[in-house]
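S.K.: Structure for the following, please:
(one chain, ligands or ions: 1)
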Amino acid sequence: MDNITALGGDVYEIDTRMAGYAGITAGYLILSDRPCLVETGTSTSAPVVRDALASLGVGPDDLATVVVTHIHLDHAGGVGDIARFFSSAQVVVHEKGARHLAEPSRLMASARMVWGDKLDTLFGELAPTEAERILALGDTGAIDLGNGRTLNSHYAPGHAKHHVGLVDSATGDLYVGDAAGVYLPETGDLRPATPPPDFDLKTALDSIALFEALGPQRLLFSHYGPVEAVEETLERSAEELRVWVDLTQQARSEGMDLDHAVAMVRDRTKERYSAMTADEATAEQFELLNGAASNVAGILHWLDRVSP
Ligand SMILES: [Zn+2]
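M.R.: Sure, this is the predicted structure:
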């Protein structure tokens, strides 16, 4: 299938085709003795993911684990559907996200407040998962991939308070979710992802430092794909955060309202990303995944909390 890329080490990248777009949301299949899916994509992506797994030989009874880096709908919106398709799979998530997967109504209500009618076309509805199928992770945890191989989780808040990073013991791959930002393989651009309501600069920087300390061989971005230049990329993740926070802080101290702050930050960061000055479609990809408005709103929300 044209949405599957073999990455080596029995790892397959699956384009989950959020809202029909190619190349913006990735899930990963670790095809070990106990196959594990990392990130489901949205609810509307679930049939795409199921078909991809089937073509890799993973049938309804073959998937051992589904794990999500965090419960935002572009990562975990399909958990309920995937759990139904693969009835023996255990669902693994940080403990701060677990109850939302079992009872998604509050999460869906707040998502609808943010996205309005766009929610249905972008994400669809997160279906509930039976609580007894959910394994909640603490600060660390391990997923058994079979044959001595494990996927080790590390609590990594900052982007979201229910975010983890996951390291594959066999390959040294680190699944970064959104904690290191959003990476565009077409241009090599990296932008921070700082949405409300959880964004916190200090914990976000701590999580990036933790990722560096884990010494991974490769980063696997949910948006989008593998990156081999680990140290350089994580340093850039931290720098991007500081740039966006500094500019937003400046806009705030000048008394700008949200719209003006967003326009200012977007303008002042534009030349950092070739995607923003490349073709319109690539710029749109960035804005869809992590709009400047969402980033600036998240930073302002954090600033209001730490320095009212
Ligand atoms: Zn995301």
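
S.K.: what's around residue 270, how many residues?
M.R.: 13 (other C-beta atoms under 10 Å). Quick note: C-beta positions are derived from backbone N, CA and C, even for glycine.

S.K.: Nearest residue to it in space, please, no chain neighbours.
M.R.: residue 276 (4.8 Å; C-beta to C-beta, 6 or more residues apart in numbering).

S.K.: mind checking which helix or strand that neighbour is in?
M.R.: Residue 276 is located in helix 274-277, with elements delineated by DSSP states H and E.

S.K.: before we move on, back to that, tell me who's in contact with the residue nearest to residue 270.
M.R.: Contact partners of residue 276, counting by C-beta atoms under 8 Å, 6 or more residues apart in numbering, are 189, 269, 270, 283, 286.

S.K.: which among these gets closest to residue 120?
M.R.: Within these, distances to residue 120 taken as C-beta to C-beta reach their minimum at residue 286, with 22.4 Å.

S.K.: What does the pLDDT read for the closest one?
M.R.: Per-residue confidence at residue 286 stands at 68 (pLDDT).

S.K.: and if you look at residue 191?
M.R.: The predicted local confidence for residue 191 is 94.

S.K.: again, but for residue 278
M.R.: So, for residue 278, pLDDT stands at 70.

S.K.: Contact partners for whichever residue of the stretch 101-250 of the chain sits closest to the ion?
M.R.: Of all residues in the stretch 101-250 of the chain, the one sitting closest to the ion is residue 178 (4.4 Å; C-beta to the ion). Remark: with contacts taken as C-beta under 8 Å, 6+ apart, residue 178 is in contact with 69, 70, 72, 75, 159, 160, 163, 193, 222, 223, 290.

S.K.: circling back to that earlier point, for whatever helix or strand comes next after the helix holding residue 276, give me every contacting residue.
M.R.: Next along the chain after helix 274-277, taking DSSP H and E as the criterion, comes helix 280-289. Applying C-beta under 8 Å, 6+ apart, the external contacts of helix 280-289 come out as 21, 23-24, 74, 182, 184, 186-187, 189, 191, 193, 223, 273, 275-277.

S.K.: same thing with stretch 79-94?
M.R.: Contacts of stretch 79-94 (C-beta under 8 Å, 6+ apart): 37, 40, 43, 46-47, 49-50, 53, 58, 60-68, 70-71, 76, 101, 104, 126-130, 133-137, 141, 143, 153, 155, 162-164.

S.K.: pLDDT on that stretch, on average?
M.R.: 98.

S.K.: Run the chain-centre distance for that stretch.
M.R.: Relative to the centre of its chain, stretch 79-94 is centred 17 Å away, using C-alpha atoms, centre = their mean, to the nearest Å.

S.K.: what's the answer for stretch 232-241, then?
M.R.: For stretch 232-241, the distance to the chain centre is 16 Å (C-alpha atoms, centre = their mean).

S.K.: cool, and stretch 205-216?
M.R.: With C-alpha atoms, centre = their mean, you get 16 Å for stretch 205-216.

S.K.: hmm, back to that, just the ones of the contacts of stretch 79-94 in strands?
M.R.: If you go by DSSP state E, the contacts of stretch 79-94 have 37, 65-67, 134-137, 141, 143, 153, 155, 164 in strands.
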